[in-house]
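**Q** Provide a 3D model corresponding to the input given below.
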Amino acid sequence: LCQQDLLKDFIRKREKGQLFVQRLARLKENIFKKVELSVSSDGFVHFGDTVLLVNPDSKSSEERDPELRGDVTLAVDMEEVSLYSDEPLQISRGLSAVKRVDPIGRNAFCIVSVDGSAVGEPLRYGQNFLLGTKGGVSDKLFYLASDHKTFRDFANKSRLQKVFLTAELSYLTFWQAKCLDPQLRLEHEGFPVPAETKIVITHCYTNRNLAVPRTFLHNDGPTARITVRNKRSALRTH
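**A** Okay, the predicted model is just below:
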């Protein structure tokens with residue numbers, strides 16, 4: 001009787017696409033699906049653009065392990081995606097940096113307006129914006145967010161202020177682009193952000209910069225955790 005029940009359960013899950021191998025195959029298909037990035041006709045980043053956020057190789061002395069060197073992109077962390085549940089696949093709330101600079105479902109982000117700026121208008125230095133992603137899994141956008149570190153709430157391993165994804169829009173999801181050179185930031189304030197350029201992305205509420213501490217290896221290979229910190233960290237929009 002138990003074997004018959006197990007067989008019926010297996011057939012039911014297979015028909016619904018809920019078997020582990022089916023969910024894993026579907027997840028891989030979605031997160032590795034090629035994504036078309038926006039092509040800038042005027043050389044600037046715009047609201048509505050689909051972009052990659054690239055942390056260039058800094059050749060820092062901290063990066064002793066060759067696996068931690070090279071350009072990395074901001075991506076949805078796959079470690080927290082449940083493949084054993086009968087529920088539909090859900091986007092992970094965690095983020096990491098992955099060593100692939102080709103646009104796929106996992107690492108493509110959309111520039112979203114906070115102040116009502118229309119799609120197609122240029123993003124400007126010092127202007128609040130949102131970074132949204134579907135992560136290759138969700139039907140709706142989830143937004144990059146952060147909050148102050150507490151004794152109980154901080155990034156794994158690095159213990160710095162963590163970054164996460166949320167469906168809720170709030171002051172925790174607001175970011176700004178700043179000029180990489182601090183001495184030129186006042187001059188650039190209010191001007192459009194050029195595409196393919198190094199910038200600093202700052203969290204508005206905590207005034208910390210999006211960063212990649214390249215001192216830890218991730219379980220699924222050469223990836224690093226994403227945090228926000230005061231140390232200057234350059235990111236490039238593609």
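**Q** any low-confidence regions in the chain?
**A** Applying pLDDT under 70 to the chain flags the ranges 1, 17-18, 58-69, 78-92, 136, 138, 149-160, 213-238.
**Q** what about the longest helix in it?
**A** Looking across the chain with DSSP state H, the single longest helix is helix 2-16.
**Q** Render the CA-only coordinates of it in PDB, please.
**A** Taking C-alpha atoms only, helix 2-16 is exported to PDB below (Å, rounded to 0.1, in the frame of the first residue of the first chain):
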ATOM      1  CA  CYS A   2       2.800   2.400   0.800                       C
ATOM      2  CA  GLN A   3       4.500   1.700  -2.500                       C
ATOM      3  CA  GLN A   4       1.200   2.400  -4.300                       C
ATOM      4  CA  ASP A   5       0.800   5.700  -2.500                       C
ATOM      5  CA  LEU A   6       4.400   6.700  -3.300                       C
ATOM      6  CA  LEU A   7       3.800   5.800  -6.900                       C
ATOM      7  CA  LYS A   8       0.600   7.900  -7.000                       C
ATOM      8  CA  ASP A   9       2.400  10.800  -5.400                       C
ATOM      9  CA  PHE A  10       5.300  10.500  -7.900                       C
ATOM     10  CA  ILE A  11       2.900  10.500 -10.800                       C
ATOM     11  CA  ARG A  12       0.900  13.400  -9.400                       C
ATOM     12  CA  LYS A  13       4.000  15.500  -8.900                       C
ATOM     13  CA  ARG A  14       5.400  14.600 -12.300                       C
ATOM     14  CA  GLU A  15       2.100  15.700 -14.000                       C
ATOM     15  CA  LYS A  16       2.300  19.000 -12.200                       C
END
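**Q** Return the set of buried residues in it.
**A** For helix 2-16, a neighbour-count test (16 or more other CB atoms under 10 Å) marks nothing as buried. Bear in mind the C-beta positions are built from the backbone N, C-alpha and C, glycine included.
**Q** after that helix, next one along is what?
**A** The helix or strand immediately downstream of helix 2-16 is helix 20-31, counting by DSSP states H and E.
**Q** Could you point out the helix or strand that follows that next one?
**A** Helix 20-31 is succeeded, C-terminally, by strand 50-51 (DSSP H and E).
**Q** Which neighbouring elements make contact with that next one?
**A** With contacts taken as 3 or more CB pairs under 8 Å, 6 or more residues apart in numbering; DSSP states H and E, strand 50-51 sits against strand 109-113.
**Q** Tell me the neighbouring strands of the strand it packs on, and mark each as parallel or antiparallel.
**A** Partners of strand 109-113 in the sheet, by DSSP bridges, are strand 50-51 (antiparallel), strand 129-133 (antiparallel).
**Q** Any idea which of those gets closest to L74?
**A** Checking the strands paired with strand 109-113 against L74 by CB to CB gives strand 129-133 as the closest, at 8.2 Å.
**Q** Show me which parts of the following helix or strand past the closest one are buried, residue by residue.
**A** The element immediately downstream of strand 129-133 (helix or strand, assigned by DSSP H and E) is strand 142-146. Using 16+ other CB under 10 Å as the test for burial, strand 142-146 gives 142-146.
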